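Could you look at this predicted model? Sequence included:
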Amino acid sequence: MSDTLNFSISDDQQALVDVARRFGEQRLAPFYKQREVEGAYDRTTLVEMGRLGLFGVELPEEYGGLGLTCTTAGLVLEAICRSDYNIGQLMVTMSLSAAVLSRHGDPDVVRPWLVGMTRGEVIPAIALTEPGGGSDAANLSLRARRDGDHYVLDGEKTSTSFAAQAGFAVVWARTGEPGARGISAFLVPLDLPGITTSEFEDLGGRSAGRGAISFDGVAVPLSHLLGEENQGFVQVMQGFDYSRALIGLQCLAVAQQSLDETWQSASERTSMGKRLTDHQGVSFPLAEAETHLEACRLLCLKTLWLKDQGLPHTTEAAMCKWWGPKLAFETVQTCLLINGHAAYTEELPYEQRLRDVLGLQIGDGTAQIMKLVIARQKVGRTRTSS
């Protein structure tokens, strides 16, 4: 009888992860704070990542990707995020937007944008949230009306990462009746007339530049409609199942890096004649964190594996999204406290990491929304099986 579980990764996967890990340590980690101060990405660095094939790992080769599995994309993301959470946020947004564009867009229209992303030359944005909607993603006020060979967009999006840095946005707008069935998705270049952007002064994630995008009579060609009219809400929900698993790994990587550093620093410091790690008050919280991180990471990887197999993974993805960011925040906070007064300053990276991971307890679906998704999935499965 052969085993059905395999927790190893291939040599090719490991080689790509090693490339990502080395690049992160050498080119990203030393400038983590600098990018926050500047409030933007260094485009040269992104192009270097593109040359190494670190963007669009799961995209088909015709779009500039490597054509590998979603699980491999998650492992590469994890390796990068150990050095810079915010670069990882860009990678997640690329994966989500690329999934929508490649699956639902006109190939001739979307190809230049997808190739630009994989090369690190184009930053995408996901424009879904609105000022009056928040977690109610189907409650959209931004409208898109058909006018000849264009759609005309009017309204505002908020809480959009990369709002002022992006070259295009995937924009969801109301084209029909109220509710989820009247929403369409569009590829919108952000240099079109009538578009203005602004950035927020956020607690964390500053290099990502979260902000607002306003649309005032913006004419978008019919060819830029993604999928069928009034079916955009279904498209985004399918995409979020993937990105939620990636977000879990993104946050856990930051926590694991913090934990590894804290084991090291605590083993080198002494108190009352002993190493800090010889005190159970220090070692036990770290041991608990190791256990929880390992469990949550396996959940995230299982979710990506399910996606690669074409199997349902909505419930698991929602678990990744609410647990991963919460667990990461708690772990980084524990590490900050154990490292003491120096970690409360900007001398060490814990305070920035803490502020960064906090954002994903809000963005891309709160814990309450994720638990609602899980409950609905479980109740639905119970009804189906009974």
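Looks like it arrived, so ask away. Residues are numbered from 1 along each chain as shown.

For Gly67, grab the count of nearby residues.
Using other CB atoms under 10 Å, Gly67 has 13 other residues around it. Glycine gets a C-beta too; all of them are placed from N, C-alpha and C.

cool, and Asp136?
If we define neighbours as other CB under 10 Å, then Asp136 has 11 of them.

what's the answer for the one 5 residues further on, then?
By the measure other CB under 10 Å, the count of residues near Ser141 is 13.

Asp18 now?
11.

Can you list phi and psi of it for me?
phi -60, psi -40 (degrees, to the nearest 10).

what do you get for Ser214?
Taking degrees, to the nearest 10, you get phi -110, psi 140 for the backbone angles of Ser214.

show me what contacts it?
Gly155, Glu156, Lys157, Ile195, Thr196, Thr197 (CB atoms under 8 Å, 6 or more residues apart in numbering).

before we move on, what about Ala212?
Taking CB under 8 Å, 6+ apart, we find Ala212 in contact with Glu156, Lys157, Thr158, Ser159, Thr160, Ala163, Thr197, Ser198, Phe200.

picking up where we left off before, keep only those of the contacts of Ser214 that are in strands.
Gly155, Glu156, Lys157, Ile195, Thr196, Thr197 (DSSP state E).

Quick check: the third one touching Ile213?
Translated: Lys157. Yes: shown here, Lys157 and Ile213 form a contact pair, counting by CB atoms under 8 Å, at 4.7 Å.

Name the residue in the two with the higher neighbour count.
Shown here are Lys157 and Ile213; by other CB under 10 Å, Lys157 has more neighbours (27 against 24).

For the contacts of Ser214, I'd like a selection string for ChimeraX - just the buried members, please.
Restricted to buried positions by 16 or more other CB atoms under 10 Å, the ChimeraX selection for the contacts of Ser214 reads:
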select :155,156,157,195,197
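
Now render the contacts of Ser214 as TSV, adding distance to His292 and pLDDT.
Converted to TSV, those look like this (distance: CB to CB, whole Å; pLDDT from 0 to 100):
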residue	distance to His292	pLDDT
Gly155	41	97
Glu156	39	97
Lys157	35	97
Ile195	43	98
Thr196	43	98
Thr197	38	97
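
Pick out whichever of the contacts of Ser214 sits closest to Leu372.
Lys157 (23.0 Å; CB to CB).

give the contact list for that closest one.
Here Lys157 is in contact with Ala127, Leu128, Thr129, Glu130, Leu142, Ala169, Val171, Ala212, Ile213, Ser214, Phe215 (CB under 8 Å, 6+ apart).

Most widely separated two among those residues?
Leu128 and Ser214 (15.1 Å).

So what does Pro221 have for phi and psi?
phi -60, psi 150.

Quick check: beta-bridge partners of it?
For Pro221, the beta-bridge partners are His150 (DSSP bridges).

Could you number the chain from 678 rather than 1 from now on?
Renumbered: residue one is now 678, and that last one reads Pro898.

So it sits against Gly825, correct?
No: in this structure, Pro898 is not within contact of Gly825 by CB under 8 Å, at 10.3 Å.

of those two, who's got more company?
Pro898 (16 against 8).

now Glu833, nearest residue through space, not along the chain?
Leaving aside its sequence neighbours, Glu833 sits nearest to Ser891 (CB to CB, 6 or more residues apart in numbering; 4.9 Å).

Which stretches in the stretch 728-877 of the chain count as helices?
With helices called from DSSP state H, counting those that start in this stretch, the stretch 728-877 of the chain shows them at 747-758, 762-781, 784-795.

May I see these arranged in CSV, with mean pLDDT as well?
Converted to CSV, these look like this (pLDDT from 0 to 100):
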stretch, mean pLDDT
helix 747-758, 98
helix 762-781, 95
helix 784-795, 97
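
and these as TSV, adding mean neighbour count?
Shown next, in TSV, are the helices of the stretch 728-877 of the chain (neighbours: other CB atoms under 10 Å):
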stretch	mean neighbour count
helix 747-758	25
helix 762-781	24
helix 784-795	18
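
related to what we said a few turns ago, can you tell me which of the contacts of Lys834 are in strands?
Ala804, Ala846, Val848, Ala889, Ile890, Ser891, Phe892.

Which one of the residues you listed is nearest to Arg946?
Closest to Arg946, out of all of the ones in strands among the contacts of Lys834 and judged by CB to CB, is Ala889, at 45.3 Å.

quick one, longest helix in this structure?
helix 909-945 (DSSP state H).

from the chain's centre, how far out does the helix or strand following that one sit?
Later in the chain than helix 909-945, the nearest helix or strand by DSSP states H and E is strand 947-948. Centroid separation for strand 947-948 versus its chain: 39 Å, with CA atoms, centre = their mean, to the nearest Å.

The closest residue to Thr992 other than its chain neighbours in helix, strand or coil?
Computed as CB to CB, 6+ apart, the closest residue to Thr992 that is not its neighbour in sequence is Gln1054, at 4.3 Å. Secondary structure state of Gln1054, per DSSP: H, G, I helix; E, B strand; the rest coil, is helix.

circling back to that earlier point, how about the contacts of Ser891 in TSV, adding distance to Leu682?
Formatted as TSV, the contacts of Ser891 follow (distance: CB to CB, whole Å):
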residue	distance to Leu682
Gly832	48
Glu833	48
Lys834	43
Ile872	49
Thr873	52
Thr874	47
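
closest to Leu752 among the contacts of Ser891?
Closest to Leu752, out of all of those and judged by CB to CB, is Lys834, at 31.6 Å.

Tell me how many other residues crowd the residue lying closest to that closest one once chain neighbours are set aside.
Using CB to CB, 6+ apart and skipping the chain neighbours, the partner closest in space to Lys834 is Ala804 (4.1 Å). Neighbour count for Ala804, taken as other CB under 10 Å: 29.

And Ala804, how far from Ala821?
12 Å (CB to CB, to the nearest Å).

Then Val734?
For Val734, the distance to Ala821 - CB to CB - is 32 Å.

Pick out whichever of those two has more residues nearby.
More neighbours surround Ala821 than the other of Val734 and Ala821, with 29 against 26 (other CB under 10 Å).
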